[in-house]
Structures are given as C-alpha cells and as structure tokens.
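Chemist: Need a 3D model of the following:
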Amino acid sequence: MAFEDFIMHIMLGSMSLVLSIITVLLSAMFRGKIGKSRGHMELLTLHKYFGIALGITVIATFIYMILPPISMGDQVVLGTHGWFALIAVLLACSEVIMRYSFKNKTKIRKFHMYLGYALLIILTLQVVVGMYLVAT
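Modeler: Prediction:
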C-alpha cells in the first residue's frame, strides 16, 4: 500500500468514527435523551445528512483498503481489521437503504437505532484494531 493511500485510509477511517459519533448524538438529542432539544426537526435533518455522509465515508474507507493491494497485484488479506471493515460497510449500507426504502418508519425505528449503535461499536473497534496494527 502506498504511503498516500495509507494516510487517506487513516483519515477516512477516523472521519467515519467521528461522523458516527455525531450521527448518534444528533439522534439522541432529537429524541430528548441528551439536552432539552427534543423534537427539533433540524436535528433530524442533520442526522439524515450525517448518516448519508457516514455511509459514503465508510464505503470510501473500505475502497481505500481494497484497491491499493489489487492495483499492485497483491492479495487482499481480510484479518480482524478487514472483517470489521466489511461488517461496517454492510451495516452502513443497510442503514441508509433501510431508512429510505420503508414508508412506515415507525416500524423500523428501533431496528435502525440498534444498527446505528452497532455501527458505532464496530467503527470504534475498527479504529482501535487499526491503531494496534500501525503500532506493531
């Protein structure tokens, strides 16, 4: 992996974690679990935009993990870091697809919330494992 691709992968991975934290916090604020701003539609709109940005960033990070080895003719090794990345991509894609494909959003709200929390946990683990790989 070229150094520039490696740096881009680290930056995108860090952005994914930050966007995930912001998205979860916006949702909690909208629901009134944090602060006294329950029900402000601006928070829900921001949650949607940050969620879309998160999905795009997770996919871009994954691409930066996959493309450099393939372009050099190497094999893509999916260790723990790679498997967490694959799970993160699947969760992020399912979040965005699910949220915009159902008309009755009240039926999927809890599931959407749990997927969001799972994505935050996976991305946190992903960054921790990635930092461990860089350190060793």
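Chemist: List phi and psi for the residue lying farthest from the centre of the chain.
Modeler: Most distant residue from the mean C-alpha position of the chain: Gly73, 27.9 Å away (C-alpha atoms, centre = their mean). Taking degrees, to the nearest 10, you get phi 80, psi 10 for the backbone angles of Gly73.
Chemist: For it, give its distance to Ala85.
Modeler: Going from Gly73 to Ala85 by C-beta to C-beta, to the nearest Å gives 21 Å. C-beta coordinates here come from the backbone N, C-alpha and C atoms, glycine included.
Chemist: still on that earlier bit, please tell me how far the residue farthest from the centre of the chain sits from Leu125.
Modeler: According to C-beta to C-beta, Gly73 stands 30 Å off from Leu125.
Chemist: Helix or strand: which one has Lys33?
Modeler: Lys33 is part of no helix or strand when elements are defined by DSSP states H and E.
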